[in-house]
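K.L.:
give me the fold of what follows.
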Amino acid sequence: MSTIIAARFDLQEDASRAVEALVEAGYPREGISSFFVNPAGQHDRFAVGGDRDKSPGAEDTGRGAAAGVAAGATAGAAAGLAAAPVTGPLGPALGGLVGGHVGGLVGSLGATDEHSVPRRAAGMLVAVQVSDQQAEQRAVDCLRSLHPEDIERAQGQIRAGDWDDFDPLAAPTWIQPPVS
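P.N.:
I've put the predicted structure just below:
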């Protein structure tokens, strides 16, 4: 693995200028990659579309929903049993069903992790593979002078102009974070 410095630009012409600036700065063209990064959720990782089988922060929602259903059904059945003189024998069953549904919803929402995962915005990414700290700093300075939306450092391999192991879902390590 090598260090890669990447900058995101909104316009393709700005990305083309960045590639030319890196070549003029002495980086070999085959060590530079330029491509469009799709918006989050549109990377087509699954046959039915999307990036992940479950949204980040939603890993524990299944357990939360199960606990909520159990608690809600119990509470609903108890409420239905108390109302049985008015509602009749269907009161505990209906109370349990309604309580289970509400409890499942509340339990799954309660188990959702609210932290946000840093992610890349859509745009043209220009990446250059660097060999050492000095080459890295020159690349950062060169790209920064072109006013990108952000700059990041990553690990990977660029071969013949293609960043083979680029992962659009990996959390970026910002050198210059995006302006929000």
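K.L.:
could you look up the SS state of Gln155?
P.N.:
At Gln155 the chain is in strand, as set by DSSP: H, G, I helix; E, B strand; the rest coil.
K.L.:
which residues touch the closest residue to it other than its chain neighbours?
P.N.:
Sequence neighbours aside, Met1 is the residue nearest to Gln155 in space, at 4.4 Å (criterion: Cβ to Cβ, 6 or more residues apart in numbering). From N, CA and C alone the C-beta is placed, and that goes for glycine too. The contact partners of Met1, taken as Cβ atoms under 8 Å, 6 or more residues apart in numbering, are 155-157.
K.L.:
pop the domain breakdown of the protein in here.
P.N.:
2-52+119-176, 61-110 (automatic domain parsing).
K.L.:
of those, which shows the lowest average pLDDT?
P.N.:
Of all these, the minimum mean pLDDT falls on domain 61-110 (a mean of 74).
K.L.:
still on that earlier bit, ok, the residue nearest to Gln155 to Ala25 distance?
P.N.:
23 Å (Cβ to Cβ, to the nearest Å).
K.L.:
now name the helix or strand holding the residue nearest to Pro148 when sequence neighbours are not counted.
P.N.:
Spatial nearest neighbour of Pro148, chain neighbours left out: Ala7 (3.7 Å); criterion: Cβ to Cβ, 6+ apart. Using DSSP states H and E, Ala7 maps to strand 2-9.
K.L.:
work out for me the element the residue with the largest distance to the centre of the chain sits within.
P.N.:
The centre of the chain is farthest from one residue, Pro85, which by Cα atoms, centre = their mean lies 52.7 Å away. Under the criterion of DSSP H and E, Pro85 resides in helix 84-87.
K.L.:
do Val98 as well
P.N.:
Per DSSP H and E: helix 90-110 holds Val98.
K.L.:
residues near Asn122, how many?
P.N.:
If you look again at residue 122, you'll see it is Ala, not Asn. 14 (other Cβ atoms under 10 Å).
K.L.:
and it, its phi and psi?
P.N.:
Dihedral pair for Ala122: phi -70, psi 150, per degrees, to the nearest 10.
K.L.:
hmm, it is touching Asn38, no?
P.N.:
Yes - with contact defined as Cβ atoms under 8 Å, Ala122 counts as touching Asn38 (6.0 Å).
K.L.:
as a check, name the ranges of all strands in this structure.
P.N.:
Listed in chain order, the strands of the chain (DSSP state E) span 2-9, 32-37, 123-130, 150-156, 158-159, 162-163, 173-176.
K.L.:
need those in TSV with mean neighbour count and distance to Val69, can you?
P.N.:
What follows is these, written out as TSV (neighbours: other Cβ atoms under 10 Å; distance: least, Cβ to Cβ, whole Å):
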stretch	mean neighbour count	distance to Val69
strand 2-9	22	43
strand 32-37	17	39
strand 123-130	24	43
strand 150-156	18	42
strand 158-159	18	50
strand 162-163	17	45
strand 173-176	14	40
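K.L.:
lovely, talk soon.
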